[in-house]
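Peer 1: Sharing a model that was predicted from the sequence below.
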Amino acid sequence: MALMTKIGRRVLALAALGAVLVATPTYAYQAKPRPAAVAAKPAARLDTVEILTSRGPARFTVELAITSAEQQRGLMFRKSLAPDRGMLFPYSKPQRAAFWMKNTLIPLDIIYIAPDGRVLSIARNAVPHDETPIPSGGVIGGVLEIAGGRAAQLGILPGDRVLNKIFPKG
């Protein structure tokens, strides 16, 4: 009986460890797979983002990815994204980040935004389904994902000011 108890405790300990390992998020990645039937549903909260470029303002209606689940889902499984739409990932604490394109069906421009509201870096035309981490290149306060190629079309460049309530006015 003591042997069964020892084995039973080891099995329970291993099962608990497995649950912790499965439930622990990978720091660098913002997207994780989920069923397509649920993943394509847009986030309910909408906001606006304006980027002041040398060519003039570029405006987007954005879905807010605030919760961990929304940030992990991102724009995965979307078959299209209108040219004036996007998704904004606000961070409560400035941090380094890296995004990937796993389960993302369309190319995206990933705009990393510094805590002061300036564009820090841009990953242009990120390749669908690519699992290679795309790093921010520094500390950020948020990320804006828009349709691939739009940043170049609109002249969005590092240093441009991003206007949204999550960034300081300046």
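Peer 2: Okay, I see it. Numbers count the residues shown, from 1 in each chain.
Peer 1: all helices of the protein, in order?
Peer 2: In order along the chain, the chain carries the following helices (DSSP state H): 2-23, 36-39, 68-73, 150-154.
Peer 1: Straight-line length of stretch 78-93, end to end?
Peer 2: Across stretch 78-93, the terminal residues are separated by 28 Å (Cα to Cα, to the nearest Å).
Peer 1: Which residues does it contact?
Peer 2: For stretch 78-93, contacts defined as Cβ atoms under 8 Å, 6 or more residues apart in numbering pick out 30, 40, 43, 47, 49, 59-66, 71, 74-75, 97, 104-106, 108, 140-147, 150, 164, 166. Where you see a C-beta, it was placed from the backbone N, CA and C, and this is true even at glycine.
Peer 1: go with 6 Å
Peer 2: 49, 60-65, 71, 75, 105-106, 141-147, 150, 166 (Cβ atoms under 6 Å, 6 or more residues apart in numbering).
Peer 1: So for the strand ranked longest in the chain, mean pLDDT?
Peer 2: For the chain, the strand with the greatest residue count under DSSP state E is strand 85-95. Mean pLDDT, strand 85-95: 97.
Peer 1: Each with direction, which strands does it pair with?
Peer 2: Strand partners for strand 85-95, identified by DSSP bridges, are recorded as strand 56-64 (parallel), strand 140-147 (antiparallel).
Peer 1: Rebuild these as a markdown table, extending it with mean neighbour count and mean pLDDT.
Peer 2: Supplementary listing: the strands paired with strand 85-95 in a markdown table, determined by neighbours: other Cβ atoms under 10 Å; pLDDT from 0 to 100:
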| stretch | mean neighbour count | mean pLDDT |
| --- | --- | --- |
| strand 56-64 | 17 | 98 |
| strand 140-147 | 24 | 98 |
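Peer 1: Compare the ones you listed and report which one is nearest to Leu157.
Peer 2: With Cβ to Cβ as the measure, strand 56-64 is the member of the strands paired with strand 85-95 nearest Leu157 (11.1 Å).
Peer 1: Tabulate the CA atom coordinates of the closest one in CSV.
Peer 2: The C-alpha coordinates for strand 56-64 follow below in CSV (Å, rounded to 0.1, in the frame of the first residue of the first chain):
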residue,chain,number,x,y,z
GLY,A,56,0.0,64.0,-42.9
PRO,A,57,-2.1,62.2,-40.4
ALA,A,58,-2.9,58.5,-40.8
ARG,A,59,-6.1,57.4,-38.9
PHE,A,60,-7.1,53.9,-37.9
THR,A,61,-10.1,52.4,-36.2
VAL,A,62,-8.5,49.8,-33.9
GLU,A,63,-9.7,46.9,-31.8
LEU,A,64,-8.1,47.0,-28.4
